[in-house]
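Trainee: build me a model:
(4 chains)
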Amino acid sequence: MNFHDTEHEASYRQKAINFLEQHAERKVIGQPGISSCLSPQALLKAAKEWQALKADHDFACISWSKEWGGPGGSAIESVIFAQEEQQFDIPEGIFQVSLGVCMPSIIKLGSEELKNRFVKPALRGEEIWCQLFSEPAAGSDLAGIRTRAESTSSGWVVNGQKVWTSNAHLSDFGLLLTRTDPTVVKHSGLTMFWVDMQTPGIEVRPINQISGQSGFNEVYFTDVKIPDSQRISDVGGGWKAALGTLATERLAIGGAKGADCRELVALASQLPCDTGTVLKDPQFRQKLADWYVNSEGINLTRMRALTTLSRGGTPGPEMSIAKLVMAEQLQQLCDYAMDLQAEFGIINSPDISEQAAVFQKGWLKAPGSRIAGGTDEILMNVIAERVLGMPGEIRVDKNRPFNELPVGI
Amino acid sequence: MNFHDTEHEASYRQKAINFLEQHAERKVIGQPGISSCLSPQALLKAAKEWQALKADHDFACISWSKEWGGPGGSAIESVIFAQEEQQFDIPEGIFQVSLGVCMPSIIKLGSEELKNRFVKPALRGEEIWCQLFSEPAAGSDLAGIRTRAESTSSGWVVNGQKVWTSNAHLSDFGLLLTRTDPTVVKHSGLTMFWVDMQTPGIEVRPINQISGQSGFNEVYFTDVKIPDSQRISDVGGGWKAALGTLATERLAIGGAKGADCRELVALASQLPCDTGTVLKDPQFRQKLADWYVNSEGINLTRMRALTTLSRGGTPGPEMSIAKLVMAEQLQQLCDYAMDLQAEFGIINSPDISEQAAVFQKGWLKAPGSRIAGGTDEILMNVIAERVLGMPGEIRVDKNRPFNELPVGI
Amino acid sequence: MDFDFTEDQKHLQQEARRFLSANCGTARVRQVLDEPDTPFDAELWTAMADLGWQGAILPEAYGGSGMGATDLCAIAEELGRAVNPTPFASSVYAFAEAVNLLGSEQQKSRILPHIASGHQIGCIATAEGAGRPDLECAFVDSSITGRKVPVTDGDVADWAIALANDSHGESLYLIELKRHGVSTSTLPTLDPTRSCAEIKFAGASAAPLGEAGSGKALLQKIHDRAAVFVAFEQLGGAEAALATAQDYAQQRYAFGRAIGSFQAVKHKLARIYVANQIARSNCYFGAWALESQSEELPRAAAAARIAATRAFQLAASEMIEIFGGIGTTWETDCHLFYRRAKQLSLFLGPINMWKERLAAEIEKQWAHADSHGGNL
Amino acid sequence: MDFDFTEDQKHLQQEARRFLSANCGTARVRQVLDEPDTPFDAELWTAMADLGWQGAILPEAYGGSGMGATDLCAIAEELGRAVNPTPFASSVYAFAEAVNLLGSEQQKSRILPHIASGHQIGCIATAEGAGRPDLECAFVDSSITGRKVPVTDGDVADWAIALANDSHGESLYLIELKRHGVSTSTLPTLDPTRSCAEIKFAGASAAPLGEAGSGKALLQKIHDRAAVFVAFEQLGGAEAALATAQDYAQQRYAFGRAIGSFQAVKHKLARIYVANQIARSNCYFGAWALESQSEELPRAAAAARIAATRAFQLAASEMIEIFGGIGTTWETDCHLFYRRAKQLSLFLGPINMWKERLAAEIEKQWAHADSHGGNL
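Mentor: Numbers count the residues shown, from 1 in each chain, chains lettered A, B, ... in the order given. As a prediction, this is how the structure comes out:
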């Protein structure tokens, strides 16, 4: 057991650090970074420039083959760069879906022509993609989507509504899952397209979340015309295509970020109580220990997955536990931190209580973290079925045409 | 809101106390009672005598009608007597199944002849009954029983195995659920009989539990001949009959008895720790408060049910929570109490640590408490479906003949 | 044995529910949520006063209706169910009860009629920042100086009761807030449907309330009484959250079936039901202890508070999980419950403090039982 | 990055598993369970010694094989999986490690070869009754007097290490148990597959071990090292319990389907899997800290201990619930895991103590990070 790089990894890491130090500034703790200082437009511009710069230096999409503009590096090199990059103050959060989810699907499923047209501009950040899958009535049950694509003499006409679309308002293109035949069983009537987000009839509206922020969009389709040449899957073959995309998505989603033990200790070391500060309080210490063991457990589990990558293998299912554990913990830990502040815990303003604000923010975010990317319950199903080999749920929706299935609200 | 008896209730309570004081001794805290001092035979004899005495004074089966030997009292009178009776040192735990579960079914389902023959002797404790329902492959899924009763020219021949039969070794008779037709759907092929436990071919074996004790039996049936006159339900009508019995059983089962807050406080007030005794330890106090709220919550919920009885109504579903809450709590509280004793918690002997023994006993008993009378999961299903109106589980075993259903171990 | 609301109380509760359905639907609550300059629903407040709720249990001599504490509990459950956006908890459960319990005849007749009529609002100002630091507010030269933060409803209140140091130790004071020497500023909170403020006293005139030097003990008495009513609000909130989640689980389909047919959803709902029943039973005991002026009130209040806090927080957070993605949006009502559950869990002090209080009562009871050979 | 067992260690582990499947099946474990006069499986003990396990990581100079700590961790996981009924934990993880770490050259060469060969057994005698009372054992006039209870394997051990008061404060002592002045009596425990005793010292001769007056700190060092190995035993037990429950859930049918197809059972299994993975990762970190002699050992050992204790207790109790009624019978193996999970959770001290220890380490790290502007 050790945490050291191999010789090759160490030299790659040095190369990454050299590049980063030359072109970016290290993050300073306690200072807000670019991503929270710049205006949305300026952030987008900065992100595109940074992506292009990385591409010029072979640090964009490191594991992609040369054919698609990547340097053809290894998975572990990709991780090493990401580890170092997160120490630097660079514009974040724009290309995750575009490059982590959409492009791998385009590369896997698209025609040569399509790939030649789209992959390199996406890699360089010149064009951004979003994923148009989820719908109000199709979240955990993604195959239940209702957005219709009807075949006409001149192509397809799409009507319906997508939801939870990250960055739809910034995107140039989208990967779109539709129902082309509601008269067959639900998994057989789906078809995947790509779509230009400027196409008439597409309307993007931000979703207001509990936190008051809007990290997602709704996307409405009203008589949107899409030529058949933009079809990516076989007609009726959309589910298989989507499964590939989802597998990629699951890898791209990390744990639930937010306040954790570090922030809790910082708070406790400042809060007065009978025994001095809360950090000295035996109850607090018991809870802290429990949470710390989880957080460290998840960090170390990541190390185990990286070890497998480093040895050239494919990580096992261990990391499927990360979001489940950390999202629940985020909610409980933030709730507890607010209790520690007694009546003051209800105040929601960084201006009044900077140290506390991180918990109130986490508490508002946690319900979403427990749902986005798979609810707690779906994740436990996945672990039980795919990892532990339990039989699947009894399905009542497998053998009846989609349009004969009972529907609710 | 008040906890007082009505005038009638108060006078009935006084009558009960008078009877009890005349014929029994009050329990003394810290002294073991009759039930744990007498030999099994002596206890059985004492229990039968006590039951006959109660019957003579109209305190046995208080709510049963005069027709069946009861005084025709109310449900609340029944509860009042039970509340007072448990303050006295009388022989316990023999007639619960016989009178709480089996006789109500006989009264409901049996022929006049049958009722005339059996009800009064059972009420007086002269004859004891057991319930022969559960099987190794049919616990939560009771309708999955496999014990076969095959029709012959001279009656029925029964082969199979029952399990979890309380007091089978003391019983004179049993209420027996069998499968008479495995070629129809599972709920339709069952038939109920009564059986004399001395019938040749019936063998009773005690089950050793984790605790080392044996509170239950297995009962084996080998070519047991039962005349058709002992059939209680229609042929194929056993499930409906059994459901009635089970509803009665659920009422008869209380919470999970065992160590609780009182015992925990007693332990903590004697255990040394840095802050004096554990009773002063802030962590301990937080846990104690949580458990106390549950225990009091269950006690007070019982008061709410009694209020409904006292007002002449039928209690709602509130009491369905009692076993679920208290069995889980028993396990957690005992485990914690053992941790409080540090390394010493592993010692399992009342001779060495009387105060601790109650927790080790509870810890061994708790897994059984979480299962007997409905597992945690079945109880939550029951609450969700019967109380909260959620749809039933998808059933795959409803429309296929029993002998074509997949079977496991 | 009569451990339930009476028929009259059930009737009162039904009437309250009918009134609040009509006058305090979630659309009304959301108006306060979405409008930063609206600290509470003044129209609703007036309508409640017209029904006599603010003075329900105050003596008739002071403009009240002289009802019993349990009657107000029945109303409180409904106010909780409706997530009412008003200063009722501060003004009625805490302030009015405190003045009625501790005030001089003059204080009561001067203040309570205005509270009962809803024309004035009172609040309790206890916290002085995060955690539980030492008391810094001080009463010197017949006036009070210091800072209280946060004070629920402090920005809309006419009166406050505050703890301050004085020559006797720690004492309670009554302060008219819209006077010289008092400045209040509204603070943003996680529950914008309830108002909250920082109050600064700079030589504000203040009158002693209750026995001098006994401030802490008196404050605990006030908290115990208020905690029972608040517990009923929490219970009502928990029941509403459960009912909403139940309804959704029956109507929302996934994988071709109502999501309520999945065991994971069933068991979540069952856990909420269990917590709510335990809360209800402990709340009833609190109501009994309050109304019968039992010595067991401190224990009963703490148990009701703990059980109801647990229940409402569980129900409110799990209802979002049952709703799924849509439950995390501003437009769905789930977050009204989520926010209020947290707000009420901190109002009157956090749950750990109440658990400690309950443990102390259990310890007392044990010491008594132990020395008398009795039972816990 | 190489945060996993090496290929060699995996091979070693597979060999250990194969050996234990053949020589330590549950039927063998049950022989010790059912036979009160058999404190441990002596035949298995000898076979383990033949494989060199008792001396695996002792230096070759003292009859050991000089392997690394992580190698022993790999074996420990298998011993846990097999619920081994032997004094391995006492003799190897605790006693031998302590003597090797603290003993004089003479002590090591006199004692360790016998431990490595399995001919002698050692134990650690720390507890002096329920809770954590003050230390009463005392070393006076070159001999020790007092009582240690309970002592895991104290009745089968030849040697004990015990803490005692002396003129320097609290110091560790080495005591030969089968000598004058020592009496041991076997105690019944919740896990009859592991032996346990009360030891009374009445002027027993004892030799100091390690620096005088530093007994408590040294004992903590011994506990930290042993905790890592024990955590691997707990991890192995948790994995075995999960595998057994998984298997049963697939094979047992109710309502016409495998019970593993019910969400309630799935989610129970998923929760166990999560706990086991968190335990595994923390255990690996413990192994790393132990083998690399890292300063982080106290923190790593506590985290491994906590995670593995949680995992094994969860897996063992929930496996019974998954088995249902049959799981509560003596004849099914579930209770072997349930008992051992509790036994290991108390051996080396209860989980609350380890959480406090971890918190203290986090606090130290925080103070250091705080003063250096670094990270936690």
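Trainee: just give me the neighbour total for residue 257.
Mentor: You didn't pick a chain, so chain A it is. Other residues lying near A:Lys257 total 12 when counted by other Cβ atoms under 10 Å in any protein chain shown. C-beta: built from backbone N, CA, C; applies to glycine.
Trainee: think we crossed wires, I meant chain C
Mentor: When neighbours are counted by other Cβ under 10 Å, C:Arg257 comes out with 20.
Trainee: now A:Gly313
Mentor: 11.
Trainee: need the residue in the chain that's farthest from the chain's center.
Mentor: Since you didn't name a chain, this refers to chain A. A:Asp274 (43.0 Å; Cα atoms, centre = their mean).
Trainee: let's do chain C instead
Mentor: C:Gly256 (42.3 Å).
Trainee: any idea how far the residue farthest from the centre of chain A is from A:Tyr336?
Mentor: Distance, A:Asp274 to A:Tyr336, by Cβ to Cβ, to the nearest Å: 18 Å.
Trainee: quick one: contacts for the residue farthest from the centre of chain A?
Mentor: By Cβ atoms under 8 Å, 6 or more residues apart in numbering or on different chains, A:Asp274 lies in contact with nothing.
Trainee: state which helix of chain A is the longest.
Mentor: Counting residues, the longest helix in chain A under DSSP state H turns out to be helix A:282-310.
Trainee: buried residues in it?
Mentor: Buried residues in helix A:282-310, defined by neighbour count with 16 or more other Cβ atoms under 10 Å in any protein chain shown: A:282-298, A:300-310.
Trainee: one more: stretch C:135-150?
Mentor: C:Leu135, C:Cys137, C:Phe139, C:Ser143, C:Ile144, C:Thr145, C:Gly146, C:Arg147, C:Lys148, C:Val149, C:Pro150.
Trainee: chain center to the helix or strand that contains the third one, what's the gap?
Mentor: Assessed by DSSP states H and E, C:Phe139 sits inside strand C:138-140. For strand C:138-140, the gap between its own C-alpha mean and the chain's C-alpha mean amounts to 28 Å (Cα atoms, centre = their mean, to the nearest Å).
Trainee: what's it packed up against?
Mentor: strand C:143-152, strand C:159-166 (3 or more Cβ pairs under 8 Å, 6 or more residues apart in numbering or on different chains; DSSP states H and E).
Trainee: and A:Val204, that one's in a strand?
Mentor: Yes: counting by DSSP: H, G, I helix; E, B strand; the rest coil, A:Val204 is part of a strand.
Trainee: that one reaches A:Phe221, doesn't it?
Mentor: No: contact criterion Cβ atoms under 8 Å: A:Val204 and A:Phe221 do not qualify, at 10.7 Å.
Trainee: quick one: which of those two has more around it?
Mentor: Between A:Val204 and A:Phe221, A:Phe221 has the larger neighbour count (other Cβ under 10 Å), namely 23 against 18.
Trainee: residue in chain A nearest to chain C?
Mentor: As assessed by Cβ to the nearest Cβ, chain C sits closest to A:Asp397 within chain A, at 2.9 Å.
Trainee: helix or strand with the lowest mean pLDDT in the chain?
Mentor: As the question left the chain open, I've gone with chain A. Counting by mean pLDDT, DSSP states H and E, chain A has its least confident helix or strand at helix A:238-252, which shows a mean of 75.
Trainee: what angle sits between whatever helix or strand comes next after that one and helix A:282-310?
Mentor: Going down the chain from helix A:238-252, the next helix or strand is helix A:261-268, by DSSP H and E. Inter-element angle recorded for helix A:261-268 and helix A:282-310: 160 degrees (by axes from the mean of the first three to the mean of the last three Cα atoms, to 10 degrees).
Trainee: what about helix A:261-268, distance to the chain center?
Mentor: Using Cα atoms, centre = their mean, the offset of helix A:261-268 from its chain centre is 26 Å.
Trainee: list of residues touching that helix?
Mentor: By Cβ under 8 Å, 6+ apart, helix A:261-268 touches A:277-279, A:281, A:284, A:288, A:291-292, A:295, A:333, A:336-337, A:340-341, A:355-356, A:358-359, D:362-363, D:366, D:375-376.
Trainee: in PyMOL, how would I select just the buried ones from those?
Mentor: Buried residues within those, by 16+ other Cβ under 10 Å, are selected in PyMOL with:
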select buried, (chain A and resi 278+279+281+284+288+291+292+295+333+336+337+340+341+355+356+358+359) or (chain D and resi 362+363+366+376)
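Trainee: just the ones in helices from the contacts of helix A:261-268, please.
Mentor: Those of the contacts of helix A:261-268 lying in helices (DSSP H): A:284, A:288, A:291-292, A:295, A:333, A:336-337, A:340, A:355-356, A:358-359, D:362-363, D:366.
Trainee: lowest pLDDT pick from these?
Mentor: Least confident of the ones in helices among the contacts of helix A:261-268 in the model: A:Gln355, at 75.
Trainee: give the burial count for the nearest residue to that residue once chain neighbours are set aside, as a bare number.
Mentor: Closest residue to A:Gln355 apart from its sequence neighbours, by Cβ to Cβ, 6 or more residues apart in numbering or on different chains: A:Leu267 at 5.5 Å. A:Leu267 is flanked by 25 other residues according to other Cβ under 10 Å.
Trainee: next one, pLDDT for A:Leu267 please.
Mentor: 93.
Trainee: now do A:Ala327
Mentor: 95.
Trainee: what of A:Ser214?
Mentor: On pLDDT, A:Ser214 comes in at 82.
Trainee: repeat that for A:Cys273.
Mentor: 83.
Trainee: and it, bridged to which residues?
Mentor: On the basis of DSSP bridges, A:Cys273 is bridged to A:Gly276.
Trainee: was I right about it contacting C:Gly131?
Mentor: Yes: applying Cβ under 8 Å, one finds A:Cys273 in contact with C:Gly131, separated by 6.1 Å.
Trainee: neighbour count winner among these two?
Mentor: Neighbours were counted for A:Cys273 and for C:Gly131 using other Cβ under 10 Å; C:Gly131 has more, 21 against 18.
Trainee: thought that one was touching A:Thr275?
Mentor: No: counting by Cβ under 8 Å, C:Gly131 stays clear of A:Thr275, with 11.7 Å between them.
Trainee: picking up where we left off before, ramachandran angles for the residue farthest from the centre of chain A?
Mentor: phi -60, psi -30 (degrees, to the nearest 10).
Trainee: which stretches of chain C have low pLDDT?
Mentor: Scanning chain C for pLDDT under 70 picks out C:370-376.
Trainee: list the buried residues in the longest helix belonging to it.
Mentor: Secondary structure of chain C read by DSSP H shows that its longest helix is helix C:215-251. For helix C:215-251, burial by neighbour count (16+ other Cβ under 10 Å) applies to C:215, C:218-219, C:221-242, C:244-246, C:248-250.
Trainee: repeat for stretch C:106-113
Mentor: In stretch C:106-113, counting by 16+ other Cβ under 10 Å, buried: C:Gln107, C:Lys108, C:Ile111, C:Leu112, C:Pro113.
Trainee: of the residues you listed, closest to B:Arg26?
Mentor: Of all the buried residues of stretch C:106-113, C:Lys108 has the smallest distance to B:Arg26: 49.8 Å, by Cβ to Cβ.
Trainee: mind checking the SS state of that closest one?
Mentor: helix.
Trainee: C:Arg28: what's it in contact with?
Mentor: Taking Cβ under 8 Å, 6+ apart, we find C:Arg28 in contact with C:Asp41, C:Leu44, C:Pro85.
Trainee: C:Thr46 too?
Mentor: Counting by Cβ under 8 Å, 6+ apart, C:Thr46 has contacts C:Gly118.
Trainee: now name the helix or strand holding it.
Mentor: Applying DSSP H and E, one finds C:Thr46 within helix C:42-50.
Trainee: quick one on the thing from earlier: tell me if I'm right that the residue of chain A closest to chain C and A:Ser188 touch.
Mentor: No: taking contacts as Cβ under 8 Å, A:Asp397 lies outside contact range of A:Ser188: 11.8 Å.
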